[in-house]
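S.K.: mind folding the following:
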Amino acid sequence: MQKQIKSALISVFYKDNLENIVKKLGEQGVTIYSTGGTQTFIESQGVPCVAVESLTAYPSILGGRVKTLHPKVFGGILARRENPQDLEQLKQYEIPEIDLVIVDLYPFEETVKNTSEEQAIIEKIDIGGVSLIRAAGKNYKDVVIVASKDQYADLEKALVENNGATNLQERRQFAAKAFEVCAHYDVAIAQYFLKEAETTDYFQVSVPVGQVCRYGENPHQQGTYFGKLDETFNKLHGKELSYNNMVDVDAACQLINEFEETTFAVIKHTNVCGIASRSTLKEAWVDALAGDKESAFGGVLVCNVNVDKETAALVNEIFFEILIAPGFDQEALEILQSKKNRILLQQKQAVKPASMFKNVLGGVLVQDNDEGNYKEWNEVGAQAATAAQKADLAFANIVCKHLKSNAIALVKNKQLVGKGCGQTSRIDALRHAIEKAGQFQFDLNGAVMASDAFFPFNDCVSIAHEAGITAVIQPGGSIRDNDSIDFAKQNGMAMVITGMRHFRH
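M.R.: Residues are numbered from 1 along each chain as shown. Presented below is the predicted three-dimensional model:
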């Protein structure tokens, strides 16, 4: 059913891109009601405007907290045009019908980001705006509601193409978007008040849609990313990120956050397949790639310093999906842009989510992010680890943290030389790690081993010793910790217990 817009209430915080709408409404003879700064803006466009105060006979009071909360405003919005009693009451109380409501909400989220002053934040909790949106949305059969400047283009299209008339489906779509705006706003406020709460009764997350993916994990699955990717990255080159790309990029960024030294890493299916820390980025890349040249094919690359020309020339020799770095020298960028679909991302800020989510059994699991390397550094082996072993053990423990369980990382001179991940037994993970090291001709004599969970028996430590590994780091916590500790003592191995497990199911 077509409805002609004959009257409108406009009260917005942001006036961007509102000019054309206001002028078009004026041309179509629409009666416009407004308040404060919005009224001034409308009149500056040469369009007549009726002050809401003249309608309600009340001024804006309580420092602007109460402006539109009045029966003469809400009656005009909520009145059902097909209901004779509603229309009679409008006439009785001299309430005009309002056919269009354009309202946005105070910038609550932006204020929270920019200040910690509670009073300033509280004042940005919108009351009248939310109420107007809900009222107009509820009465979508008769009223058009525009709750965000993101909807201005759609409204302008209706005003131009249909001369200010809308159909029921269009009004319902405007209402749906308006209720989304309110829902997101309420979640943001609830999260602010709950930030110090130990528990919450609801899983509340509201993130705006970022982009629709080409598909999900597989081509027959649909995928959508909700988030603000442009706040974290500048995409300098290449195609759009896919669902799987984003999963790997997240894993890569969380890994690289852990390192301060110049470090290069290669990620494949969220697991580290090569990583090294060196004095130069070129050396770090060469040694990271050497860790597993086969798995690096089509992988996601990440480093924590700007990519220079010399490193870019070497990286350019292999096929990879994505390269993430804090910056690229111009000459390096020109080299790396030689392949059309290759994705180059400049990382602007760290990826450090406070919480992690996983959907299971029709519900959601929520946990804190896995922060830190070790809780304690308890030397329990035959002798204390040397300075070089300590550096390698700390490095290996972080690498192991970013492998799927069961996970083993073998490290020598801050280079991943073997890894086993996603295995159903820790022994299998270790054997796979040793096999990988042998495949790429690494000498394990003097290497160190990290395990993401404790050893219930001494078998893994025994196998590692046979392979030439001289130091082990593990969280401990097994009722049979002493089996592994005793073996280390008897065979001249250093062993560190961290008291902190990094298990990735």
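S.K.: show me the protein divided up by domain.
M.R.: Dividing the chain into domains by the TED database, as the record does, gives the ranges 3-194, 234-347, 378-497.
S.K.: of the ones you listed, which approaches Thr200 most closely?
M.R.: Shortest separation from Thr200 across these is recorded for domain 3-194, at 5.4 Å, computed as CB to CB. C-beta: built from backbone N, CA, C; applies to glycine.
S.K.: quote the end-to-end distance of the closest one.
M.R.: 43 Å (CA to CA, to the nearest Å).
S.K.: stretch 333-346 too?
M.R.: OK, stretch 333-346 end separation, CA to CA: 11 Å.
S.K.: same question for stretch 496-505.
M.R.: 23 Å.
S.K.: would you mark the buried spots in it?
M.R.: For stretch 496-505, the neighbour count (16 or more other CB atoms under 10 Å) marks Val496, Ile497, Thr498, Met500, Arg501, His502, Arg504 as buried.
S.K.: ok, the second one - contacts?
M.R.: Shown in contact with Ile497 (CB atoms under 8 Å, 6 or more residues apart in numbering): Glu376, Asn378, Val380, Ile473, Gln474, Pro475, Gly476, Asp481.
S.K.: could you look up the SS state of the nearest residue to it once chain neighbours are set aside?
M.R.: Computed as CB to CB, 6 or more residues apart in numbering, the closest residue to Ile497 that is not its neighbour in sequence is Gly476, at 3.7 Å. Using DSSP: H, G, I helix; E, B strand; the rest coil, the structure places Gly476 in coil.
S.K.: Pro456 is in contact with Gly476, correct?
M.R.: No - if you go by CB atoms under 8 Å, Gly476 and Pro456 don't touch, sitting 11.3 Å apart.
S.K.: out of those two, which sits in the busier spot?
M.R.: Counted by other CB atoms under 10 Å, Gly476 and Pro456 do not tie: Gly476 has more neighbours, with 21 against 15.
S.K.: can you check the pLDDT for the more buried one?
M.R.: Per-residue confidence (pLDDT) for Gly476: 92.
S.K.: and it, how far from Ile343?
M.R.: Gly476 is 41 Å from Ile343, where distance means CB to CB, to the nearest Å.
S.K.: filter the contacts of Ile497 down to the buried ones and hand me the ChimeraX line.
M.R.: Command for ChimeraX that selects the buried part of the contacts of Ile497, burial taken from 16+ other CB under 10 Å:
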select :380,473,474,475,476,481
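S.K.: looking at the contacts of Ile497, which one is closest to Gly63?
M.R.: Glu376 (54.1 Å).
S.K.: ok, the closest one - contacts?
M.R.: Ile497, Thr498, Gly499, Met500.
S.K.: burial measure for the nearest residue to Thr200 once chain neighbours are set aside, as a count.
M.R.: Nearest residue to Thr200, sequence neighbours excluded (CB to CB, 6+ apart): Leu194, at 5.4 Å. Per other CB under 10 Å, the neighbour tally for Leu194 reads 14.
S.K.: also Gln337?
M.R.: Neighbour tally, Gln337, other CB under 10 Å: 16.
S.K.: so it touches Val307, yeah?
M.R.: No - in this structure Gln337 lies outside contact range of Val307 using CB under 8 Å: 11.9 Å.
S.K.: isn't Ile145 up against Phe174?
M.R.: Yes - using CB under 8 Å, Ile145 is in contact with Phe174, at 5.4 Å.
S.K.: so the two - more neighbours on which side?
M.R.: Set side by side, Ile145 and Phe174 show more neighbours around Ile145, with 28 against 24, by other CB under 10 Å.
S.K.: count of neighbours near the residue lying closest to the more buried one once chain neighbours are set aside?
M.R.: Distances taken as CB to CB, 6+ apart place Ala136 nearest to Ile145, at 3.6 Å, with adjacent residues excluded. Neighbour count for Ala136, taken as other CB under 10 Å: 29.
S.K.: give me the pLDDT for Ala136.
M.R.: 94.
S.K.: could you list every residue that touches it?
M.R.: Going by CB under 8 Å, 6+ apart, the list of residues near Ala136 reads Ile77, Ile98, Val101, Val103, Val143, Val144, Ile145, Ala175, Ala178.
S.K.: ok, the second one - contacts?
M.R.: Spelled out, that is Ile98. Ser7, Ala8, Leu9, Tyr33, Val73, Gly76, Ile77, Ala136, Val143.
S.K.: list the buried residues in stretch 211-218.
M.R.: By neighbour count on 16+ other CB under 10 Å, the buried set for stretch 211-218 is Cys213.
S.K.: quick one: that stretch to chain centroid distance?
M.R.: A distance of 16 Å separates the centroid of the chain from that of stretch 211-218, by CA atoms, centre = their mean, to the nearest Å.
S.K.: for Glu43, which non-adjacent residue is spatially closest?
M.R.: Distances taken as CB to CB, 6+ apart place Cys49 nearest to Glu43, at 5.4 Å, with adjacent residues excluded.
S.K.: ok, that neighbour touching Ser34?
M.R.: Yes - in this structure, Cys49 is within contact of Ser34 by CB under 8 Å, at 5.0 Å.
S.K.: tell me, what's touching the two both at once?
M.R.: With CB under 8 Å, 6+ apart, Cys49 and Ser34 have common neighbours Ile42.
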